[in-house]
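S.K.: predicted coordinates and the sequence they were generated for:
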Amino acid sequence: MNERTERFEIGPAARLDVSLPAGNVVVTAGEAGAIDVTVRGANLELFRMEQRGDTVYLSVERSGLSRLRAHYDIVASVPAGIELAAKLAAADLTVEVEIAALNASLSSGDLRTRDVAGPAQVKVASGDMRLGDVRGKLTVSGASGDLHAESAGELEVALASGDVDVGHVAGRAQVNTAAGDVRIGSFDGEVCECRTMSGDVRLGIPPGRTLDVDARTLTGDVRSLFEPKDDGPDLGDRVPASIRVKTMAGDVLLGPAAQPRS
């Protein structure tokens, strides 16, 4: 297997853009002010590395059948805080450093990331997603894949098939899945809307909240672990949480917020 390595000098507002038909991409912690790329595979003459401004582009030349057979393993060492864009066909993406923003599209492959300081947008046809803390909005859409995230500033999910498991959501949450369970360990926003054709929905609510709940299921149970109260706590100007849940075949459970994961 052949190998090629290059270094790119970058400024503070750097971006890495990866487009790959097949293989494996690992983004790991590197030195400040530089992106170091090592690529392994056959037909390295098809692999392109170029820089325009503070953006480094990694891609494969369009050359018919040769491109379809191209398989590369990429390791990119980057400073923390860069933006990352990835368009992958049959490839996994692993991010081992905190990044500023993520925009990823995967046809067939798994995604693993650490924390994202800003927004994260993920499109997946088939593959699982596991993210750390996403402090901006987490937007996920796709056909088939499970989503696990430690937290999200806001959450918007649309999946045809797959479980959704998010530890904490600070703002608005909107989840739609045809077949899959939905779990939000701690919801601290003002509006949460969950719809699923087949799957259970479990929501954890921090103490001191009042709730406006509309939960419906055709073939399942709706349960609350909270004791009803005539007079809730004094919340000042805080708006009650609006919870809207609909499932065709599944249970709905509202309970105390889960403890943060260690």
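M.R.: All right, it came through fine. Residues are numbered from 1 along each chain as shown.

S.K.: all strands of the stretch 51-200 of the chain, in order?
M.R.: For the stretch 51-200 of the chain, the strands defined by DSSP state E, counting those that start in this stretch occupy 55-60, 72-78, 83-95, 101-108, 111-112, 120-126, 129-144, 147-161, 164-169, 173-179, 182-187, 191-198.

S.K.: any chance of CSV for the ones you listed, columns mean neighbour count?
M.R.: Heads up, the C-betas are built off the backbone N, CA and C, glycines and all. Converted to CSV, these look like this (neighbours: other CB atoms under 10 Å):
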stretch, mean neighbour count
strand 55-60, 20
strand 72-78, 21
strand 83-95, 20
strand 101-108, 20
strand 111-112, 20
strand 120-126, 20
strand 129-144, 20
strand 147-161, 21
strand 164-169, 23
strand 173-179, 20
strand 182-187, 23
strand 191-198, 20
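
S.K.: out of the ones you listed, flag the one nearest G208.
M.R.: Nearest to G208 among the strands of the stretch 51-200 of the chain is strand 182-187 (12.6 Å), distances taken as CB to CB.

S.K.: the closest one pairs with which strands, parallel or anti?
M.R.: strand 164-169 (parallel), strand 201-205 (parallel) (DSSP bridges).

S.K.: give the rounded mean pLDDT of the last one.
M.R.: Averaging pLDDT along strand 201-205 yields 96.

S.K.: which stretches of the stretch 101-250 of the chain have low pLDDT?
M.R.: 228-238 (pLDDT under 70).

S.K.: reformat the strands of the stretch 51-200 of the chain as TSV; add distance to L254.
M.R.: TSV is the format used below for the strands of the stretch 51-200 of the chain (distance: least, CB to CB, whole Å):
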stretch	distance to L254
strand 55-60	45
strand 72-78	42
strand 83-95	34
strand 101-108	31
strand 111-112	30
strand 120-126	27
strand 129-144	22
strand 147-161	17
strand 164-169	14
strand 173-179	14
strand 182-187	10
strand 191-198	10
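
S.K.: tell me which of those strands lies nearest to F226.
M.R.: Between the strands of the stretch 51-200 of the chain, strand 182-187 lies closest to F226; by CB to CB that is 13.4 Å.

S.K.: what residues does that closest one touch?
M.R.: Here strand 182-187 makes contact (CB atoms under 8 Å, 6 or more residues apart in numbering) with 155, 163-169, 173, 175, 192, 194, 196, 199-206, 241, 243, 257-258, 260-261.

S.K.: go again with 7 Å.
M.R.: 164-169, 173, 175, 194, 196, 199, 201-206, 241, 257-258 (CB atoms under 7 Å, 6 or more residues apart in numbering).

S.K.: that one vs strand 147-161, what angle?
M.R.: With axes from the mean of the first three to the mean of the last three CA atoms, to 10 degrees as the basis, strand 182-187 and strand 147-161 are set at 140 degrees to each other.

S.K.: how distant is strand 182-187 from the center of its chain?
M.R.: Put simply, strand 182-187 sits 15 Å off its chain's centre (CA atoms, centre = their mean, to the nearest Å).

S.K.: let's number from 7 now, not from 1
M.R.: Sounds good: first residue 7 from here, last item strand 188-193.

S.K.: can you give me the angle it makes with strand 197-204?
M.R.: 160 degrees.

S.K.: kindly export strand 188-193 (C-alpha atoms) in PDB.
M.R.: C-alpha atoms of strand 188-193 as PDB (Å, rounded to 0.1, in the frame of the first residue of the first chain):
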ATOM      1  CA  VAL A 188     -36.800   8.000  21.100                       C
ATOM      2  CA  ARG A 189     -35.000   8.900  24.400                       C
ATOM      3  CA  ILE A 190     -34.100  12.400  25.600                       C
ATOM      4  CA  GLY A 191     -32.500  12.000  29.000                       C
ATOM      5  CA  SER A 192     -33.000  15.600  30.100                       C
ATOM      6  CA  PHE A 193     -35.100  18.100  28.100                       C
END
